[in-house]
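> This is the structure alone, sequence omitted:
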């Protein structure tokens, strides 16, 4: 009975009927926020609301659309390798800590894709009138994939050549929320750009937790499932960019909060069963981003980009349960140097707290290149992020590796 109670408690915590999923454990309830940037900005630590342009700047700052000369197409592929290790302290006979013992190590790969198009109708039609640049894009907004497996053994019961297996625990979650974005942007006065965009959000989610016992166990397997159907919502983005200063470009972006509405279905199967269903509302926070790009001087083909992002997660609300999240301030900085053969070298750093607990932070280092392949610009960027935080009586160590490639073609 005690074991059954323990298993039920763990499963319910893992799949509450209020949560989404994520490729990282800390954000398992409401998803990882996917970056809006392309491979160039990834290599710059994620900075770029004042330095990207055209189609690839659509999701970062709609004002950047105003820098599209005629017709831009940008396609980005993203691969995420998420490695998670869970440790518990190993004690000696005097209850002193000898070392940390890793009891679970999981690595998973996820691929995502981003596409955007920008058209300057005034240039296409060769019209001598002002028209805003039109942009359309598609990208992931919330990542809800998470996969975890751990096998528990009894160290006091020896069955050659290993300890006796007590049970295997599996947690598999799939889904996400994607955005179809439509935006307008243009130069409103000399060297000042403005833009506005709307994201049409759609998604779903399916999660399954299993507690699997060996064939000789007296216990029966347990399963818990949770699914979200027809998640939907809208979000607006407003952006400004000023290039009026001699060596500085300044930008500000405001993203409104958004509400995801949908239905959930929940089921529990042990020796008996439990089913539940209903409606769901998740109110995500609004976000402010401030960016600057610095040009040291005309003779040096080097720029420095810096972004500061404030997300008001304390305003997050869940219609099915109480939440208490921390506001976050994320810092991103990058350096880009252009060589005379149309090649760019980029380096960056970012510091990102978690909305679950602002003391849980990820430090990430980035690098990348900008090349021309058969006359077409190709950007490649990579980032490695490290994070540790407490979980129960132990710790979780995460290594998140992102690799992006963006192809941009202008007509």
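Nice, thanks for sending it over. Please read all numbers here as calculations on a predicted model, not as lab measurements. Numbers count the residues shown, from 1 in each chain.

> where does the stretch 201-350 of the chain dip in pLDDT?
298-300 (pLDDT under 70).

> for the stretch 51-200 of the chain, same thing?
The stretch 51-200 of the chain contains residues with pLDDT under 70 at 91-100, 155-163.

> at 90 instead, please
Applying pLDDT under 90 to the stretch 51-200 of the chain flags residues 52-54, 56-57, 67-70, 87-105, 122-130, 144, 152-166.

> ranges for the helices of it?
Using DSSP state H, counting those that start in this stretch, the helices of the stretch 51-200 of the chain run over 121-124.

> can you give me the strands for the stretch 201-350 of the chain?
With strands called from DSSP state E, counting those that start in this stretch, the stretch 201-350 of the chain shows them at 222-242, 248-255, 258-269, 273-284, 287-294, 302-311, 317-318, 328-338, 344-353.

> just so I know, which of those strands lies nearest residue 171?
Among the strands of the stretch 201-350 of the chain, strand 222-242 comes nearest to residue 171, with 9.5 Å by CB to CB. Using the backbone N, CA and C atoms, a C-beta is placed for each residue, glycine as well.

> Please name the strands paired to that closest one in the sheet, noting orientation.
strand 192-212 (antiparallel), strand 248-255 (antiparallel), strand 258-269 (antiparallel) (DSSP bridges).

> Export the strands of the stretch 201-350 of the chain as JSON lines, with columns for distance to residue 72.
Converted to JSON lines, the strands of the stretch 201-350 of the chain look like this (distance: least, CB to CB, whole Å):
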{"stretch": "strand 222-242", "distance to residue 72": "16"}
{"stretch": "strand 248-255", "distance to residue 72": "19"}
{"stretch": "strand 258-269", "distance to residue 72": "26"}
{"stretch": "strand 273-284", "distance to residue 72": "29"}
{"stretch": "strand 287-294", "distance to residue 72": "19"}
{"stretch": "strand 302-311", "distance to residue 72": "20"}
{"stretch": "strand 317-318", "distance to residue 72": "38"}
{"stretch": "strand 328-338", "distance to residue 72": "19"}
{"stretch": "strand 344-353", "distance to residue 72": "18"}
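
> follow-up on the earlier one: could you redo the strands paired with strand 222-242 as CSV and give each row mean neighbour count and distance to residue 126?
Conversion of those to CSV gives the following (neighbours: other CB atoms under 10 Å; distance: least, CB to CB, whole Å):
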stretch, mean neighbour count, distance to residue 126
strand 192-212, 20, 22
strand 248-255, 19, 29
strand 258-269, 17, 38
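
> Now distance to residue 376 too, for those strands, in TSV please.
Formatted as TSV, the strands paired with strand 222-242 follow (distance: least, CB to CB, whole Å):
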stretch	distance to residue 376
strand 192-212	25
strand 248-255	25
strand 258-269	35
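
> Of those strands, which is nearest residue 47?
strand 248-255 (10.4 Å).

> Which one, of the strands of the stretch 201-350 of the chain, ends up nearest to residue 67?
strand 222-242 (8.3 Å).

> and the closest one with strand 273-284, angle?
Comparing the axes of strand 222-242 and strand 273-284 via axes from the mean of the first three to the mean of the last three CA atoms, to 10 degrees yields an angle of 10 degrees.

> Is residue 242 bridged to anything, and to what?
residue 192, residue 250.

> how about it, what does it touch?
191, 192, 193, 249, 250, 251 (CB atoms under 8 Å, 6 or more residues apart in numbering).

> If we use 10 Å, what do you get?
Applying CB atoms under 10 Å, 6 or more residues apart in numbering to residue 242 gives the contacts 50, 63, 189, 191, 192, 193, 194, 248, 249, 250, 251, 252.

> ditto for residue 168
Per CB under 10 Å, 6+ apart, neighbours of residue 168: 149, 150, 151, 152, 210, 211, 212, 213, 214, 221.

> in the chain, which strand has the most residues?
Criterion DSSP state E: the longest strand present in the chain is strand 162-189.

> list the buried ones in that strand?
165-167, 169, 171, 173-179, 181, 183-187 (16 or more other CB atoms under 10 Å).

> do the same with stretch 342-357
Applying 16+ other CB under 10 Å to stretch 342-357 flags 344, 346, 347, 348, 349, 350, 352, 353, 354, 355, 356 as buried.

> pretty sure residue 237 contacts residue 65?
No: applying CB atoms under 10 Å, one finds residue 237 not in contact with residue 65, separated by 11.3 Å.

> Give me the more crowded residue out of the two.
Comparing residue 237 with residue 65 by other CB atoms under 10 Å, the one with more neighbours is residue 65, at 32 against 24.
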